[in-house]
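>>> Build the 3D model from these lines:
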Amino acid sequence: MMNPAMRVTADEERVVRAWSVLGQVLDPEVPALSVCDLGIVRDVRPQGDGVEVVLTPTYSGCPATEVIERSVVEAIELAGLGPVTVTLQRAPAWTTDWISDEGRRKLREYGIAPPSGSAAVAAEQPIRILRREPALECPRCGSVNTERLSAFGSTACKALYRCIACKEPFEYFKPI
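As a prediction, the model looks like this:
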């Protein structure tokens, strides 16, 4: 019979290894970020001889959710961490506040302006019809002389901007 103290240690080790593996699973829409950088992995729990991974999709209609689930399962199983169960947890809703500092750095290096400010603070602001957008820093040259071209970029969670200084277009990951 296995010592219960050893079981806890094995479970803890499996969870730590699973987090490490998940740190290498890239988001299919922004492959510069891992699912951990993006903040959609909410928890990893031991479950029998495997693990349960709790994910919060960026939004309920995100077309990448199924791809992310498959990628998570494949990565955990390939790492030999046993069977994996993915649980989607939609409450509380995902927010760009959950993107890690490392994730924000990676977004900038990839050419996408990371969300500015805090989504929680933005949600508390009164809605104004003629609200002026805050100046965004170009992720390529650093200029704040930028303009919005479209409220939507390649996905609904991004907007399309252009830098007036370097003339380069870039996407902005909108705070939600």
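
>>> Would you agree V86 is in contact with T56?
No: if you go by CB atoms under 8 Å, V86 and T56 don't touch, sitting 11.4 Å apart. Every C-beta, even on glycine, is put in place using the N, C-alpha and C of the backbone.

>>> who has more neighbours, the two?
Using other CB atoms under 10 Å, the more surrounded residue of V86 and T56 is T56, with 22 against 16.

>>> wouldn't that one be in contact with A93 here?
Yes: contact criterion CB under 8 Å: T56 and A93 qualify, at 7.4 Å.

>>> Going by residue numbers, what spans are helices in the chain?
In the chain, the segments counted as helices under DSSP state H are 4-22, 65-78, 101-110, 119-124.

>>> which residue is nearest the centroid of the protein?
Nearest to the geometric centre of the chain sits L38, at 1.6 Å (CA atoms, centre = their mean).

>>> what's the residue nearest to that one when sequence neighbours are not counted in contact with, if anything?
Leaving aside its chain neighbours, L38 sits nearest to D27 (5.4 Å; criterion: CB to CB, 6 or more residues apart in numbering). Contacts for D27 (CB atoms under 8 Å, 6 or more residues apart in numbering) come out as 33-35, 37-38, 40, 64, 68.

>>> Report the buried residues of stretch 101-109.
Of the residues in stretch 101-109, 103-104, 106-108 count as buried by neighbour count, 16 or more other CB atoms under 10 Å.

>>> Stretch 153-165 too?
Buried residues in stretch 153-165, counted by 16+ other CB under 10 Å: 153, 155, 157-159, 161-163.

>>> Leaving out sequence neighbours, find the closest residue to A135.
Using CB to CB, 6+ apart and skipping residues adjacent in sequence, the residue nearest A135 is V144, 4.1 Å away.
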